[in-house]
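Q: Let's see this in three dimensions:
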Amino acid sequence: MAFRFFEESAHVAAYLQYRVTPHELINKIIDFMGPKLQNKFNLAVDVGCGNGKGTVLLAPYFNQVVGTDISPAQLGLARANSIRQNVSYRQSPAEQLPFESSQVDLVTAMTAAHWFDRPRFLKESERVLKPNGCLALLSNMKYRALEYGDATSAVNDICQEFLAALLPFNEPHMGSCPSKIYFDMFEACPFPDKQWNTCQNISRKMTINHFIGLVETYSSYQKLKSEDATKAKRLSDDIRNKLLAAMQVSSPDTELTLVMKYFYMLARKP
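A: Next comes the predicted model:
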């Protein structure tokens, strides 16, 4: 079955502000696709595009990029922030894409496919892709690490404390290892030419407040907040204060480094 999250307006805005977009992986996708036709491919479809931060990264490589999502709120924000003339957005479920058969050069989903009805999505991707068209799915491990000079060990322990406090609120279908969901899709994908890649580190400098805001966008934190908003705020404040103390700084706008581990699958339709 498919799941629906990240649609409440404040959550949508926070998602745009704080979520990490793994731009380092775009070249991996383009390289796998092979030689471009007249310097650009024709059509890319970013499924579960959300606010479009990942969708626009495809714009330089395609004549047309279409982001699709089930959420009107997410699409509204994507359109409001759209600056690329060759990027547009359509509302549709991942399992019923608004394209003719054999029309699309690339179907991708960036940290979204775990919410889809995965067998139906794979079948739909196969339908819309052209011969030699590619499917690219990427997401990240639950692994997070913080780095801050000599205080790296201390701030990372606080990061793990934050994530551990949210474990009871994780969506059950995600299991203990999100990559298994994607590896199962990789195994189920009928295309013979396919690659599985795991554990590429993505690092981002961000402030303490940005890190807190990022974690607050997670579905597990949102679930805690919906059950007990006071407890959720107390947890955020406690983690923020512990990071300030460990880093020996007074401003939550002080920067540290977040490290995430991404994995991805690439597959080419015969």
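Q: How many residues are close by Pro192?
A: 9 (other C-beta atoms under 10 Å). All C-beta spots, glycine's among them, are computed from the backbone N, C-alpha and C.
Q: Make sure it is actually in contact with Pro270.
A: Yes - using C-beta atoms under 8 Å, Pro192 is in contact with Pro270, at 6.7 Å.
Q: contacting residues for the most centrally placed residue in the chain?
A: Taking C-alpha atoms, centre = their mean, the centroid of the chain lies closest to Thr111, which sits 2.8 Å from it. Residues near Thr111 by C-beta atoms under 8 Å, 6 or more residues apart in numbering: 54, 138-140.
Q: and if we set it to 10 Å?
A: Thr111 sits next to 19-22, 48, 50, 54, 137-140, 178, 262 when contact means C-beta atoms under 10 Å, 6 or more residues apart in numbering.
Q: Just put the residues you listed in JSON lines and tack on distance to Arg120 and neighbour count.
A: Listed next are the contacts of Thr111 as JSON lines, based on distance: C-beta to C-beta, whole Å; neighbours: other C-beta atoms under 10 Å:
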{"residue": "Arg19", "distance to Arg120": "26", "neighbour count": "18"}
{"residue": "Val20", "distance to Arg120": "28", "neighbour count": "16"}
{"residue": "Thr21", "distance to Arg120": "26", "neighbour count": "19"}
{"residue": "Pro22", "distance to Arg120": "25", "neighbour count": "20"}
{"residue": "Gly48", "distance to Arg120": "13", "neighbour count": "25"}
{"residue": "Gly50", "distance to Arg120": "20", "neighbour count": "26"}
{"residue": "Gly54", "distance to Arg120": "22", "neighbour count": "24"}
{"residue": "Leu137", "distance to Arg120": "14", "neighbour count": "28"}
{"residue": "Leu138", "distance to Arg120": "20", "neighbour count": "24"}
{"residue": "Ser139", "distance to Arg120": "18", "neighbour count": "19"}
{"residue": "Asn140", "distance to Arg120": "24", "neighbour count": "19"}
{"residue": "Pro178", "distance to Arg120": "20", "neighbour count": "18"}
{"residue": "Tyr262", "distance to Arg120": "25", "neighbour count": "23"}
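Q: of all the residues you listed, which comes closest to Ile158?
A: Nearest to Ile158 among these, counting by C-beta to C-beta, is Val20 at 18.9 Å.
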